[in-house]
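**Q** Fold the following and give me the result.
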Amino acid sequence: MYYFLDRPVYQKVRILIHLHSINQFCSISDMAKSLNASDRTILKFIGELKHDLKEMEPEADIIEREHKNFYLKTKDNFSIKTVERWYLEQSLTYKACDQIFYNTMGDIHAFAKKNYTSYASMYRRVNKIKPLLDQFKLQYTTQHMATFNGMEKQFRYFYYLFYWNSCWGEVWPFSSVTREQILELLKGEKESMPEQMLYWLAISITRAKLGYVIEEDPTYESFTKHHHLFKSFSRLAEPLFKELTTLTEEQITLEIIFSFTVISCFEFYDKKNPQISLIMNFAQHHNQDLFVQTTIHWLETFTEFFSMEINAEEYGALFANLLYLHYYTQIFDGPTFLFKEDPFKIAFEQDPPNQVELMNRFYDQLAKKKALTKILKHRERLLGRYHGLLKRTINFKVDNQPIKIKVFSILEGNPSEYIINQIKRISSHIQLCNEGEHPDLIITDRLYMSIEKYDAKVFVWSSVPKRNDFERLRDCIERIRLVEPSERSSKPDNE
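**A** Residues are numbered from 1 along each chain as shown. Coordinates of the predicted model:
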């Protein structure tokens with residue numbers, strides 16, 4: 001968020017996140033030390049935060065007790081993402097980027113005047129995000145109008161992260177196409193459509209409406225050849241572009257091909273997924289492509305480095321997920337999260353030091369093959385994801401327990417076996433819902449629109465759950481156990 005928020009607002013958000021993460025009373029001096037600010041500054045910002053929280057009306061309040069100790073009191077359905085988005089939407093930098101997406105910003109002078117700020121102030125804000133744009137191979141320019149120049153695929157990738165990492169499926173940020181329009185044209189697939197896919201399609205349709213078509217690249221068309229899902233996706237997506245844009249048949253075909261290559265990378269494949277064999281067959285037709293070569297090299301290096309035997313199911317799941325991860329890394333430049341540090345990287349760094357060191361040594365060995373540098377040079381993007389994929393794929397099991405839960409997570413996997421294993425440690429009274437079963441408890445890191453259809457208790461925690469998240473969850477489960485099983489499906493009043 002550093003690039004998009006003014007420093008005082010950024011400090012307020014840091015204080016709020018700090019209070020939310022520790023989940024207990026915290027002294028002014030401890031906060032000042034952690035955030036590298038004076039006691040007086042912290043007190044000033046806490047006062048502003050209290051006012052902001054009342055204006056936002058989230059399920060939270062800052063409680064003060066003697067000796068200047070503060071605690072963020074939240075209800076179980078409180079989402080820190082909702083608060084972060086509120087601050088982002090107040091940001092002039094965020095507003096400017098949003099208008100650039102729709103080609104409505106004009107120039108800095110007009111934007112500054114309209115938003116009651118000076119040209120110099122707005123110019124400083126634009127300069128602040130230029131290092132971020134550089135990572136996406138984009139440049140801010142005002143030759144004809146304020147925009148970000150670069151490849152269309154990079155422009156869309158930046159704005160996919162811009163909207164997804166700020167809205168997270170909690171709201172619909174697009175004005176040129178509604179969520180309902182897309183779902184209506186997707187026919188029978190609307191119930192199973194991931195929210196990320198809807199965001200990506202909305203971005204592609206909006207850009208097409210504005211006259212911007214994706215560049216031709218033989219990599220995209222090659223990816224669709226021999227892929228078992230491309231024909232069905234093409235039939236699904238074609239009405240979207242025909243009804244909602246004025247593109248030619250050739251342009252629509254190009255858009256569908258590119259969207260398919262990107263959206264294919266959104267899915268996580270667990271060990272039992274029947275499509276894995278089809279993906280491995282697809283890879284045989286592309287065994288000279290860089291992303292396939294990198295995947296084969298990864299698995300060979302892994303088994304040799306760790307002296308570990310993996311069964312056929314584990315191999316298949318690793319292969320499928322690595323294949324798409326490497327393709328996604330190959331086609332896009334830039335980070336994978338826009339407003340915060342990558343949660344996969346954070347989760348990796350929270351592992352014991354000896355395990356972190358071992359994974360780093362494995363990556364060093366992996367990166368020795370120079371022919372694969374185009375993909376493996378992205379160590380910051382890949383290492384945490386490799387770590388997370390291994391934890392979710394190898395030797396994790398879930399026991400049957402009486403309270404039925406459903407987990408939603410931004411981390412790939414629905415839900416990740418690793419997270420389920422951690423939940424299992426705090427309570428022996430849970431059971432992961434099977435397909436079609438109704439949950440007693442939904443555990444999620446954001447208030448996704450897709451969970452509204454469930455009439456169940458909602459518990460919100462961090463993207464990378466911390467110790468206090470599990471402690472809160474344990475208490476929540478114990479409260480649910482006090483309710484008769486026949487009543488568990490009903491949402492209780494906010495506590």
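**Q** ranges for the strands of the stretch 351-495 of the chain?
**A** Remark: strands assigned in the stretch 351-495 of the chain by DSSP state E, counting those that start in this stretch are 403-408, 430-432, 441-444, 457-460.
**Q** Now mean pLDDT, mean neighbour count and distance to K391 too, for those strands, in JSON lines please.
**A** The way it works is simple: take the backbone N, C-alpha and C, and place the C-beta from them, glycine included. Shown next, in JSON lines, are these (pLDDT from 0 to 100; neighbours: other Cβ atoms under 10 Å; distance: least, Cβ to Cβ, whole Å):
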{"stretch": "strand 403-408", "mean pLDDT": "86", "mean neighbour count": "20", "distance to K391": "15"}
{"stretch": "strand 430-432", "mean pLDDT": "81", "mean neighbour count": "20", "distance to K391": "17"}
{"stretch": "strand 441-444", "mean pLDDT": "91", "mean neighbour count": "22", "distance to K391": "18"}
{"stretch": "strand 457-460", "mean pLDDT": "92", "mean neighbour count": "22", "distance to K391": "22"}
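**Q** In JSON lines, list those strands along with distance to T219.
**A** JSON lines is the format used below for those (distance: least, Cβ to Cβ, whole Å):
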{"stretch": "strand 403-408", "distance to T219": "32"}
{"stretch": "strand 430-432", "distance to T219": "38"}
{"stretch": "strand 441-444", "distance to T219": "35"}
{"stretch": "strand 457-460", "distance to T219": "39"}
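**Q** so which of the ones you listed gets nearest L254?
**A** strand 403-408 (33.3 Å; Cβ to Cβ).
**Q** Show me what the closest one is packed against.
**A** helix 417-426, strand 430-432, strand 441-444, helix 467-481 (3 or more Cβ pairs under 8 Å, 6 or more residues apart in numbering; DSSP states H and E).
**Q** Single out the most deeply packed of these.
**A** The highest mean neighbour count among the helices and strands packed on strand 403-408, using mean count of other Cβ atoms under 10 Å, belongs to strand 441-444: a mean of 22.
**Q** So for L53, which of the helices and strands packed on strand 403-408 sits nearest?
**A** The nearest among the helices and strands packed on strand 403-408, by Cβ to Cβ, is helix 467-481 at 18.9 Å.
**Q** From the rest of the structure, what touches the closest one?
**A** Helix 467-481 has contacts (Cβ atoms under 8 Å, 6 or more residues apart in numbering) with 21-24, 76, 403, 422-423, 425-427, 429-430, 440-441, 443, 457, 459, 461-462, 465, 488.
**Q** Likewise for stretch 271-285?
**A** For stretch 271-285, contacts defined as Cβ under 8 Å, 6+ apart pick out 225-229, 269, 292, 295, 313-314, 316-317, 319-320, 323, 393.
**Q** Alpha carbons of it, in CSV - could you do that?
**A** Extracted C-alpha coordinates of stretch 271-285, given in CSV (Å, rounded to 0.1, in the frame of the first residue of the first chain):
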residue,chain,number,x,y,z
LYS,A,271,-4.1,-35.2,-5.7
LYS,A,272,-7.5,-36.7,-6.6
ASN,A,273,-8.3,-34.4,-9.5
PRO,A,274,-9.2,-36.5,-12.5
GLN,A,275,-7.9,-33.9,-14.9
ILE,A,276,-4.3,-34.4,-13.9
SER,A,277,-3.8,-37.3,-16.4
LEU,A,278,-5.2,-35.0,-19.2
ILE,A,279,-2.8,-32.2,-18.2
MET,A,280,0.1,-34.6,-18.3
ASN,A,281,-1.0,-35.8,-21.7
PHE,A,282,-1.2,-32.1,-22.7
ALA,A,283,2.4,-31.6,-21.5
GLN,A,284,3.7,-34.4,-23.7
HIS,A,285,2.6,-32.3,-26.8
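**Q** And that stretch, what's buried?
**A** Of all the residues in stretch 271-285, those buried under the rule 16 or more other Cβ atoms under 10 Å are K271, N273, I276, I279, F282, A283.
**Q** Spatially, which two of these are the most separated?
**A** Farthest pair in these, by Cβ to Cβ: K271 and F282, 18.2 Å.
**Q** Next up, identify which helix or strand the spatially closest residue to F258 that is not a sequence neighbour is on.
**A** Leaving aside its chain neighbours, F258 sits nearest to I214 (4.5 Å; criterion: Cβ to Cβ, 6 or more residues apart in numbering). Using DSSP states H and E, I214 is not contained in any helix or strand.
**Q** Around I214, how many other residues sit close by?
**A** 22 (other Cβ atoms under 10 Å).
**Q** Then R14?
**A** Around R14 there are 19 residues (other Cβ under 10 Å).
**Q** In space, what's closest to it - neighbours in sequence excluded?
**A** That would be L35: by Cβ to Cβ, 6+ apart, it lies 5.6 Å from R14.
**Q** Tell me how far the one you found lies from Q355.
**A** 29 Å (Cβ to Cβ, to the nearest Å).
**Q** Could I get the full set of helices for the stretch 201-350 of the chain?
**A** 218-224, 230-244, 249-263, 276-284, 290-305, 312-331, 343-349 (DSSP state H, counting those that start in this stretch).
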